[in-house]
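Chemist: just coords:
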């Protein structure tokens with residue numbers, strides 16, 4: 001769905017969109033397993049800067065999304081299902097209006113602004129960004145997940161293995177002795 005700045009100059013635009021799994025590319029590590037439901041509104045926020053810059057047409061996108069995704073467990077590589085629900089309040093500014101000649105420090109508020117080029121915003125791009133921000137960095141199937149055996153690769157949640165105990169590297173023995181002293 002494309003939201004045109006030209007249309008927003010007339011009136012704000014409501015949206016209620018439903019994207020089937022695979023309609024929005026979330027990358028190779030995330031699989032959408034349910035419809036992505038998104039609703040909200042887009043409105044034009046005119047920022048008056050004065051001088052040569054005049055008025056800037058910022059687009060504010062406010063709404064919420066909900067879907068289900070599947071990730072891979074960071075320990076055992078089994079699928080992990082997660083529900084995502086997220087509200088968003090985003091501000092997009094035309095590309096290049098904040099361009100300055102020299103390097104300058106930015107303020108925290110500047111990090112909350114996205115940029116658009118052309119005549120408007122593609123809602124799917126904003127939703128993709130919001131889903132990716134809601135995904136945990138490392139997902140685990142359960143808190144006590146034992147992971148994979150580092151030697152044979154068996155899933156230790158499902159079976160045990162007969163691998164020999166790990167051989168200790170003697171270069172770490174001084175640190176092991178210090179750890180033992182601190183624990184006793």
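Modeler: Structure received. Just so it is clear, the structure is predicted and the values come from calculations on it, not from any experiment.
Chemist: how close does residue 33 get to residue 67?
Modeler: 8 Å (CB to CB, to the nearest Å). From N, CA and C alone the C-beta is placed, and that goes for glycine too.
Chemist: Neighbour count for these two, which is higher?
Modeler: Of the pair residue 33 and residue 67, residue 67 is the one with more neighbours under other CB atoms under 10 Å, namely 24 against 13.
Chemist: If I follow the layout properly, the more buried one ends up in contact with residue 32?
Modeler: Yes - with contacts counted by CB atoms under 8 Å, residue 67 reaches residue 32, the gap being 5.9 Å.
Chemist: can you list residues touching both of the two?
Modeler: Shared contacts of residue 67 and residue 32 (CB atoms under 8 Å, 6 or more residues apart in numbering): residue 131.
Chemist: Residue 141 contacts residue 71, doesn't it?
Modeler: No - using CB under 8 Å as the test, residue 141 is too far from residue 71 to be in contact (9.5 Å).
Chemist: which residues do those two both contact?
Modeler: In contact with both residue 141 and residue 71: 79-80, using CB under 8 Å, 6+ apart.
Chemist: remind me, longest strand of the chain?
Modeler: Looking across the chain with DSSP state E, the single longest strand is strand 54-72.
Chemist: Quick one: distance of that strand to the chain centre.
Modeler: 11 Å (CA atoms, centre = their mean, to the nearest Å).
Chemist: and if you look at stretch 21-34?
Modeler: Averaging C-alpha positions (CA atoms, centre = their mean) puts stretch 21-34 13 Å from its chain's average.
Chemist: how does this structure divide up, domain by domain?
Modeler: Under automatic domain parsing, the residue ranges defining each domain of the chain are 2-134, 146-184.
Chemist: can you give me the mean pLDDT across the longest one?
Modeler: It refers to domain 2-134. Predicted confidence along domain 2-134 averages 87 (mean pLDDT).
Chemist: Centre of the chain to that domain, how far?
Modeler: Relative to its chain's centre, domain 2-134 lies at 11 Å (CA atoms, centre = their mean).
Chemist: distance between the ends of that domain?
Modeler: One end of domain 2-134 to the other measures 23 Å (CA to CA, to the nearest Å).
Chemist: would you list every one of the helices in the chain?
Modeler: Per DSSP state H, the chain carries helices over the ranges 5-8, 123-134, 173-183.
Chemist: Select, out of the ones you listed, the one closest to residue 38.
Modeler: Comparison of these against residue 38 by CB to CB identifies helix 123-134 as nearest, at 5.5 Å.
Chemist: Okay, buried residues for that closest one please.
Modeler: Within helix 123-134, the residues that qualify as buried are 123-124, 126-128, 130-131, counting by 16 or more other CB atoms under 10 Å.
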